[in-house]
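J.: This is a predicted model, with the sequence first.
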Amino acid sequence: MLVFTSVLVLGIFFLIFIITDIKSFKQKKVDDMLSLAQVVGSNNISTLQFGDDEAAQKILAELHNVTPQIVYSAILDKQGRLFSSYSRPNTASSSVPPLLDEKKYLFTNDTLYVASDITEANEVIGRMILKVELSDLKQMKASKYKSATILLVAALAFSIIVAIGVQTYISKRLLYLVDTMNEAGQTGNYNKKIADDGKDEISELIREFNNLMQQVWESQQKKDEFIGIASHELKTPLTSIKGYMELLSKIENKQPNLQFVQKALENVNKLERLIKELLDVSKIQSGQLMLNMNEFNIDELLNETIQAFQIVTKTHQIIWEGSSNNGTIIADKQRIEQVFINLLSNAIKYSPGEDKVIVQSKKTDKELIIKIRDFGIGVPKDEQSSIFERFYRAKDHSMNISGFGLGLYISRDIIKRHHGTIWMEKEEKGSAFYFSLPLGNSRAVLSKEQV
């Protein structure tokens, strides 16, 4: 904007100067030619009175020798008829423009016509006409335009240099502020402040941003503290309620009482899972989510989890495709099972009306990759970058599907602590969620999580 404004302003000023100079040049040329026409007209008073056109033609020829720019000159009598004329050699014959009858001068293209009355004793006895070639006007225009172009290029270069300096002072600070805001939005770290000791508007903006981030961080801390306390306080009475409900389900054998007890127990289990997720989130935020690393057979874990899940799932068939000879890995078995269960649960919840979920496993030299594919509603493109965020739920379906939007957030943190990766890919129908776990010398790397 600085460069554009500078060039625009300079261009307007240069144009005004050029137009002013051209106008001044033309006016000066008109004044000079009018004066010359009056002098020549005065010298031809006697030739008009005595009808001596030969003498008049000699005077006009001498005029062309003195002023080569005049390509045609003519003397008209008082009736407006041509009395005498002279044209520069190798010049086509000329005619007087009709508009010149009402004016003293006329510009047409690069030519100037001048007309001056010839008077004797305050009586008009004729008229002097001059046609002037304005070649010097062309040269002047070319020179002005060339100078203006050179100055504009120089101004453009200087403006760019100044703009770069201004950008260093202003734009980089704004861009750094934007980057910090994006980083805070992606990482959830609202405790980062920007140091700036300036006294301009950007510094004021940065100070307000720091204050806002401080307020957001404090609110987040209070919220996390509340979640942690509430989860712990709810866990103890819920455990007692669950114990009583399980005992009651074993004692009661009459319908519909037994059905009521079982429904209540299902909802208690659901509430227990939600509280566990909230506790996990609290541990993640406080950095207290630790891993218990052990070596176990991943195929056995996948098979046991699928079978257990299939028992409680009546609407979908869980199909395990691909390799079933993946061997052992070093990881937290309970946490990997938690991730797998969460992805299976989401695949079923978000594919209503479908009847299958496909699980695939693939082992490479460096990692083990697990894929859970559903044929459901899928994830809109504008939501794919946000589904692993805390408390995020699908916009169009969150009202019909239970949950706090914590499962994928917890799963991402668990896989990240295993130095693996979790991601999703859109399928032609539905979605596919992947997570990978490192192999090879992972024992030495992952054992750090136990410290």
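T.: Arrived safely.

J.: With adjacent residues omitted, what lies nearest to I377?
T.: Spatial nearest neighbour of I377, excluding adjacent residues (CB to CB, 6 or more residues apart in numbering): Y350 at 5.7 Å. All C-beta atoms are positioned from the backbone trio N, CA, C, and that covers glycine.

J.: those strands in the stretch 151-300 of the chain, which residues are they?
T.: 294-297 (DSSP state E, counting those that start in this stretch).

J.: State the number of residues packed around the residue nearest to I377.
T.: Using other CB atoms under 10 Å, Y350 has 18 neighbouring residues.

J.: hey, what's the nearest residue to K103 once chain neighbours are set aside bridged with?
T.: Spatial nearest neighbour of K103, excluding adjacent residues (CB to CB, 6+ apart): A115 at 7.2 Å. According to DSSP bridges, I129 are recorded as the beta-bridge partners of A115.

J.: what about A115, neighbour count?
T.: Neighbourhood size, A115 [other CB under 10 Å]: 23.

J.: re the thing from before, mind checking how far the residue nearest to I377 is from G378?
T.: Between Y350 and G378 the computed distance is 8 Å (CB to CB, to the nearest Å).

J.: same deal with Y190?
T.: To G378, Y190 is 32 Å away according to CB to CB.

J.: what's the answer for A121, then?
T.: Look at A121 and G378: by CB to CB, they are 105 Å apart.

J.: neighbour count winner among these two?
T.: A side-by-side neighbour count of A121 and G378, using other CB under 10 Å, places G378 first with 20 against 5.

J.: Quick one: residues contacting that one.
T.: For G378, the contact set (CB atoms under 8 Å, 6 or more residues apart in numbering) comprises K426, E427, K429, G430, S431.

J.: Closest to Q220 out of these?
T.: Of all the contacts of G378, the one with the least separation from Q220 (CB to CB) is S431, at 29.5 Å.

J.: pretty sure that closest one is touching G376, no?
T.: Yes - checked against CB atoms under 8 Å, the pair S431 and G376 is within contact range at 7.3 Å.

J.: what sits in contact with each of these two?
T.: Y350.

J.: Now for the chain, the helix or strand with the poorest mean pLDDT.
T.: Lowest by mean pLDDT, DSSP states H and E among the helices and strands of the chain is helix 442-446, with a mean of 47.

J.: that older thread, so which of the contacts of G378 is surrounded by the most neighbours?
T.: Going by other CB under 10 Å, S431 tops the contacts of G378 with 22 neighbours.

J.: measure it to E367 for me?
T.: Going from S431 to E367 by CB to CB gives 21 Å.

J.: How about I415?
T.: Distance, I415 to E367, by CB to CB: 11 Å.

J.: When those two are compared, which one has more neighbours?
T.: Between I415 and E367, counted using other CB under 10 Å, the more crowded position is I415 (21 against 18).

J.: Enumerate every residue touching the more buried one.
T.: So I415 contacts V339, T421, I422, F435, S436, L437 (CB under 8 Å, 6+ apart).

J.: Distance-wise, check it relative to Y434.
T.: 10 Å.

J.: Tell me the residues that contact both of those two, please.
T.: With CB under 8 Å, 6+ apart, I415 and Y434 have common neighbours T421, I422.

J.: Quick one: the helices in the chain, in order.
T.: For the chain, the helices defined by DSSP state H cover 2-43, 45-50, 53-66, 135-166, 172-187, 201-251, 257-286, 298-312, 333-349, 407-417, 442-446.

J.: Tell me which of these sits nearest to Y72.
T.: Comparison of the helices of the chain against Y72 by CB to CB identifies helix 53-66 as nearest, at 8.9 Å.

J.: relative to helix 2-43, how tilted is that closest one?
T.: Put simply, helix 53-66 runs at 150 degrees to helix 2-43, going by axes from the mean of the first three to the mean of the last three CA atoms, to 10 degrees.

J.: Show residues contacting helix 53-66.
T.: 36, 40, 43-44, 47-48, 70, 73-75, 83-86, 88.

J.: Please repeat the previous calculation with a cut-off of 6 Å.
T.: Contacts to helix 53-66, defined as CB atoms under 6 Å, 6 or more residues apart in numbering, come from residues V40, N43, N44, T47, I70, S73, I75, F83, S84, Y86, R88.

J.: count of residues packed around the first one?
T.: A count of neighbours around V40, defined by other CB under 10 Å, yields 23.

J.: Can you go through the contacts of helix 53-66 and name the buried ones?
T.: For the contacts of helix 53-66, a burial check counting by 16 or more other CB atoms under 10 Å picks out V40, N43, N44, T47, I70, S73, I75, F83, S84, Y86, R88.

J.: Below-threshold pLDDT in the chain: ranges please.
T.: Regions of the chain meeting the criterion pLDDT under 70 cover residues 92-95, 99, 102, 188, 285-286, 322-324, 393-404, 440-451.

J.: can you list the domain ranges for it.
T.: Under the assignment automatic domain parsing, the domains of the chain span 2-141, 201-286, 294-450.

J.: CSV please, covering those domains and showing distance to A163.
T.: Listed next are these as CSV, based on distance: least, CB to CB, whole Å:
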stretch, distance to A163
domain 2-141, 5
domain 201-286, 16
domain 294-450, 34
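
J.: Tell me which of those sits nearest to I161.
T.: Closest to I161 of the domains of the chain is domain 2-141 (CB to CB; 9.8 Å).

J.: how far is the closest one from where the chain is centred?
T.: Between the centre of domain 2-141 and the centre of its host chain there is 60 Å, according to CA atoms, centre = their mean, to the nearest Å.

J.: So what would you say the end-to-end distance of it is?
T.: In domain 2-141, first residue to last residue: 29 Å (CA to CA, to the nearest Å).

J.: Could you check how far I298 is from E337?
T.: Plainly put, I298 is 10 Å away from E337 if you go by CB to CB.

J.: the more surrounded of these two?
T.: Counting neighbours by other CB under 10 Å for I298 and for E337 shows that I298 has the greater number, 21 against 17.

J.: I'd say D332 and L289 touch.
T.: No - at 10.0 Å, D332 and L289 do not qualify as touching, with contact defined as CB atoms under 6 Å.

J.: coming back round to it: the helices of the chain: which one's closest to L100?
T.: Smallest distance to L100 across those (CB to CB): 11.9 Å, for helix 2-43.

J.: what's the angle between the closest one and helix 135-166?
T.: With the same axes, to 10 degrees defining the directions, helix 2-43 sits at 160 degrees from helix 135-166.

J.: list the helices and strands helix 2-43 packs on?
T.: Where contact means 3 or more CB pairs under 6 Å, 6 or more residues apart in numbering; DSSP states H and E, helix 2-43 is packed against strand 111-120, strand 123-133, helix 135-166.
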